[in-house]
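Student: Sequence first, then the predicted structure, then my questions.
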Amino acid sequence: MELTAGHRDQRVLFCVVAGMSLAFVLFGFLADPPGQVLRGVGDIVFARDLVITDFVGVGGLGGAFVQAGLVSLVACAIYRVTGAPVDGPAVACLLLVLGTALYGKTLVNIWPILAGVALYAWVRGDRLADHVSTAFFATALSPIFSVLAFGTSLPTWAGLVLGVATSVLIGFVMPPVARRLFEAHAGFTLYNMGFVAGVVGAVIVSVYRAFGLGPQPEMVWTSGHDTPLLILLAVLLVGVLAAAFVGDRTPWRNLGRLLRSDGRAPSDFLASDGAGAVLLNMAVIGTLATAYVLVIGAPLNGPVVAGILSVVGFGACGKHALNIVPIVAGVALAGLLKPFELTDPGLIWAALYGTCLAPIAGRFGPHWGVIAGFFHASTAQVTGALVAGLNLYGNGFAAGFVAAVVAPVAAFLAHPRRAADTPDTPVPAA
């Protein structure tokens, strides 16, 4: 049976993501001896992983990257087994899984939430394939399982039961909540599931805090691995660039059209512009994100690499060079004018993950992107406390509030006599 162009493009992107995951595993075994890697993976799996917990500081460079690569390969296998399409949002989802498995998602804590979403699909009578991306986006709250199972004074069996039950419930409620909350920002943030996870997580954490089980935030942030991680990023980005020319000798032909898109969710650059343009776009914005980190002098570690991968992944469904640069500029401006350092962990993440607000710059102009980035830099510093460091997409939570305020104001000023437009069919992006 001959593959259509769309299926060929999806296969190329799937192979690229799987290749990046395998590269993580290979890098991990090159970084540390096998025995040390396996011990590191074990330490990570049973860690009480509150944000920010750089798994490099828990299981070593080798353990962190092998564990992350394996988690992403599991996700790839589930996409393949269920027959879920590897479209633009799926590519973003898979690279987000690969990145956040460096500081939160583990081979153990993702399963209860996945089971909860599968239960939701079964109750509705839906195909599981239609909910795979939602399920993996929902693992933003997977640290809740780790904290309840391994980080309380409860007996081990009680912690495990409580962690599984809570996480399954989270997975079950996330899909319907995601569709409702999408209306709050109307697609002007690409991390819808981060906003949803923040809301759901705040409710869950509030309940447990009332019973005295609230976790205490902690941070593990490493440095000193710049050279090997820069080499890894260079290899990955060159690989993505090379893949852009597989089956398309002139991938830049459609890049101009892609750059004219505002990126507002739901969007799928893979469907509209093809694999060549998407991969070229991913390589370009990944290089820009890496360059920003190097220019400000920030260390390369697990969480920073994860932030760069999030930029790369969403190059398939919303982000491009023209709509992310104003957001980063706004965050940097906030860092220069406020009592922040550009190299503070929170501000690095605000610049990288804050690019989820790219549709604001794409729709209303770069000046509004700068404004959105400026406000996001401050908002992201305070919203994390609401979920006690248990939402891996904390910047998505903050961006939901920023988009809900800035986008309507920008739309009103652009067209004072017309209400802000909203998408016809609300579809969660991430």
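Tutor: Noted; the coordinates are in hand.

Student: Identify the residues contacting A243.
Tutor: For A243, the contact set (CB atoms under 8 Å, 6 or more residues apart in numbering) comprises 12, 15-16, 275, 279. From N, CA and C alone the C-beta is placed, and that goes for glycine too.

Student: how far away is it from P33?
Tutor: As judged by CB to CB, to the nearest Å, A243 and P33 stand 31 Å apart.

Student: Okay, buried residues for the helix or strand hosting G42 please.
Tutor: Per DSSP states H and E, G42 falls inside helix 34-45. For helix 34-45, burial by neighbour count (16 or more other CB atoms under 10 Å) applies to 36-37, 39-41, 43-45.

Student: picking up where we left off before, just among the contacts of A243, which is most surrounded?
Tutor: Neighbour counts for the contacts of A243 peak at L279, which has 29 neighbours (criterion: other CB atoms under 10 Å).

Student: so what's the nearest residue to F55 once chain neighbours are set aside scoring on pLDDT?
Tutor: Counting by CB to CB, 6 or more residues apart in numbering, A64 is the residue found nearest to F55 once chain neighbours are left out, at 3.9 Å. Looking at A64, its pLDDT stands at 96.

Student: A64 against G28, yeah?
Tutor: Yes. Using CB atoms under 8 Å, A64 is in contact with G28, at 7.2 Å.

Student: Show me which of these two is the more surrounded one.
Tutor: A64 (32 against 27).

Student: Specify the local secondary structure of the more buried one.
Tutor: helix (DSSP: H, G, I helix; E, B strand; the rest coil).

Student: so how far is L232 from it?
Tutor: 12 Å.

Student: Next, find the distance separating W111 from S261.
Tutor: 36 Å.

Student: tell me the contacts of the spatially most central residue of the chain?
Tutor: Among the residues of the chain, L96 comes closest to the average C-alpha position under CA atoms, centre = their mean, at 3.8 Å. Residues near L96 by CB under 8 Å, 6+ apart: 136-137, 309-310, 313, 430.

Student: mind redoing it with 10 Å?
Tutor: Applying CB atoms under 10 Å, 6 or more residues apart in numbering to L96 gives the contacts 72, 75, 105, 136-137, 139-140, 191, 193-194, 306, 309-310, 312-314, 353, 392-393, 396, 430.

Student: Within the helices and strands, which one has Q67?
Tutor: Secondary-structure element containing Q67, defined by DSSP H and E: helix 56-82.

Student: pretty sure L294 is in contact with L300, am I right?
Tutor: Yes. Judged on CB atoms under 10 Å, L294 makes contact with L300 at a distance of 8.3 Å.

Student: Does V97 touch T139 like I think?
Tutor: Yes. Contact criterion CB under 10 Å: V97 and T139 qualify, at 7.3 Å.

Student: Overlap in contacts, these two.
Tutor: Taking CB under 10 Å, 6+ apart as the contact rule, V97 and T139 both touch 71, 75, 105, 110.

Student: Give me the nearest residue to the second one, chain neighbours excluded.
Tutor: Right, A75. Nearest non-adjacent residue to A75, counting by CB to CB, 6+ apart: V97, 4.9 Å away.

Student: tell me the angle of whatever helix or strand that neighbour lives in relative to helix 56-82?
Tutor: In this assignment (DSSP H and E), V97 forms part of helix 88-100. Helix 88-100 and helix 56-82 meet at an angle of 150 degrees, taking axes from the mean of the first three to the mean of the last three CA atoms, to 10 degrees as the criterion.

Student: what's the distance between helix 88-100 and the middle of its chain?
Tutor: Mean-position distance between helix 88-100 and its chain equals 6 Å (CA atoms, centre = their mean, to the nearest Å).

Student: Only alpha carbons, please: show it as CSV.
Tutor: Provided in CSV are the C-alpha atoms of helix 88-100 (Å, rounded to 0.1, in the frame of the first residue of the first chain):
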residue,chain,number,x,y,z
GLY,A,88,2.5,18.4,14.6
PRO,A,89,1.1,18.4,18.2
ALA,A,90,2.3,14.8,18.7
VAL,A,91,5.8,15.8,17.7
ALA,A,92,5.7,18.6,20.3
CYS,A,93,4.3,16.2,22.8
LEU,A,94,7.0,13.6,22.3
LEU,A,95,9.9,16.1,22.5
LEU,A,96,8.2,17.6,25.6
VAL,A,97,8.2,14.1,27.1
LEU,A,98,11.9,13.7,26.2
GLY,A,99,12.8,17.0,27.8
THR,A,100,10.7,16.8,31.0
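
Student: got the domain boundaries for this structure?
Tutor: In terms of domains, the chain is parsed into 5-210, 226-414 (source: automatic domain parsing).

Student: Distance to M219 added to those domains, as CSV?
Tutor: Shown next, in CSV, are the domains of the chain (distance: least, CB to CB, whole Å):
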stretch, distance to M219
domain 5-210, 5
domain 226-414, 7
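
Student: Identify whichever of those domains lies nearest to V220.
Tutor: domain 5-210 (4.1 Å; CB to CB).

Student: And that closest one, how far out from the chain middle?
Tutor: Put simply, domain 5-210 sits 10 Å off its chain's centre (CA atoms, centre = their mean).

Student: same thing with stretch 360-370?
Tutor: Remark: stretch 360-370 is offset 21 Å from the chain centroid, using CA atoms, centre = their mean.

Student: list the buried ones in that stretch?
Tutor: Within stretch 360-370, the residues scored as buried using 16+ other CB under 10 Å are 360-364, 366, 368-370.
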